[in-house]
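**Student:** dropping the sequence and predicted coords here.
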Amino acid sequence: MIKDWLLRLPHQARVLLMGLLSLASLIMLLLAFSAGSAFFAAWARVDYAEPRIARLLGYEAVEEELAAAAAAARDALDQYAFTQGSDVSRQGAQLQQVLRAFAAEAGLSVIGSQFVLQTEMEGKVPEGFETLGVDLTLTGPPVALDTFLRDVADFEPALKVTALELQQPRRRRTSSGVELSEDINIKTQVMALMLGVD
């Protein structure tokens, strides 16, 4: 029936109709191809997202354990490094005050102390950390030095004595020949790690 109707049309009308039908078929084919491409792209995104979603759901399932592990890591880090709560010079001043207090409590006299930034230690410092140091010049009896070094070793975050030089001062005697002092002069450097700025 459609064939008869098509044959009764004039030649130009048949050509025009066939061209329009071909154009409509081509448009439909392009739309189907575009829809198929969009479907496969969405399917690929789903395949890519599924493992990530599963991993995130896994993290959510162990959220409390992850939080506990992060807290334990922070506590462990606090044993070994100063946190980045302020700038380097302020942390250095705080370290200097702590060491001066240790010296005073141990019975040592502080002749001088100076904060130094340990730039020459590059390569030996773990990535993500900065190094603080304090040079101290002290004087006092050897037993006080032992106490000072013990306090430094017990301090948290960890401190490390990187240099220690002892000098026996000239002994002065009284007119009766009794030595006046057993004090020694001490030059030391104490180093600490601080979390670097991210």
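**Tutor:** Alright, I've got the coordinates.
**Student:** please identify the helix or strand for Ala163.
**Tutor:** Element membership for Ala163 (DSSP states H and E) is strand 159-167.
**Student:** other SSEs contacting that strand?
**Tutor:** Applying 3 or more C-beta pairs under 8 Å, 6 or more residues apart in numbering; DSSP states H and E, one finds that strand 159-167 contacts helix 142-154, strand 184-195. Any C-beta I mention is one placed from the backbone N, CA and C, and that applies to glycine too.
**Student:** mean pLDDT, distance to Leu108 and mean neighbour count added to these, as CSV?
**Tutor:** Shown next, in CSV, are those (pLDDT from 0 to 100; distance: least, C-beta to C-beta, whole Å; neighbours: other C-beta atoms under 10 Å):
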stretch, mean pLDDT, distance to Leu108, mean neighbour count
helix 142-154, 92, 5, 16
strand 184-195, 88, 7, 20
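**Student:** how about these in JSON lines, adding distance to Pro10?
**Tutor:** Listed next are those as JSON lines, based on distance: least, C-beta to C-beta, whole Å:
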{"stretch": "helix 142-154", "distance to Pro10": "108"}
{"stretch": "strand 184-195", "distance to Pro10": "88"}
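**Student:** now do the phi/psi pair for Leu9.
**Tutor:** phi -70, psi 150 (degrees, to the nearest 10).
**Student:** give me the neighbour count for the residue lying closest to it once chain neighbours are set aside.
**Tutor:** Excluding the flanking residues, the one nearest Leu9 by C-beta to C-beta, 6 or more residues apart in numbering is Leu17, at 6.9 Å. The number of residues packed near Leu17 is 12, by other C-beta atoms under 10 Å.
**Student:** before we move on, back to that, strand partners (parallel or antiparallel) of the strand holding Ala163?
**Tutor:** strand 184-195 (antiparallel) (DSSP bridges).
**Student:** distance between the partner strand and the chain's centre?
**Tutor:** Distance of strand 184-195 from the chain centroid (C-alpha atoms, centre = their mean, to the nearest Å) equals 24 Å.
**Student:** and the angle from it to helix 142-154?
**Tutor:** Going by axes from the mean of the first three to the mean of the last three C-alpha atoms, to 10 degrees, strand 184-195 is angled at 10 degrees with respect to helix 142-154.
**Student:** figure out which of the helices and strands packed on strand 159-167 is closest to Ser37.
**Tutor:** With C-beta to C-beta as the measure, strand 184-195 is the member of those nearest Ser37 (49.5 Å).
**Student:** ok, and the closest non-adjacent residue to Phe115?
**Tutor:** Counting by C-beta to C-beta, 6+ apart, Phe115 lies nearest to Gly92, which is 3.6 Å off, once chain neighbours are set aside.
**Student:** quick one: secondary structure of the residue nearest to Leu9?
**Tutor:** Look at Leu17: counting by DSSP: H, G, I helix; E, B strand; the rest coil, its state is helix.
**Student:** just the pLDDT for the residue most central in space within the chain.
**Tutor:** Central residue of the chain (C-alpha atoms, centre = their mean): Gly128, 5.1 Å from the mean position. With respect to pLDDT, Gly128 has a value of 72.
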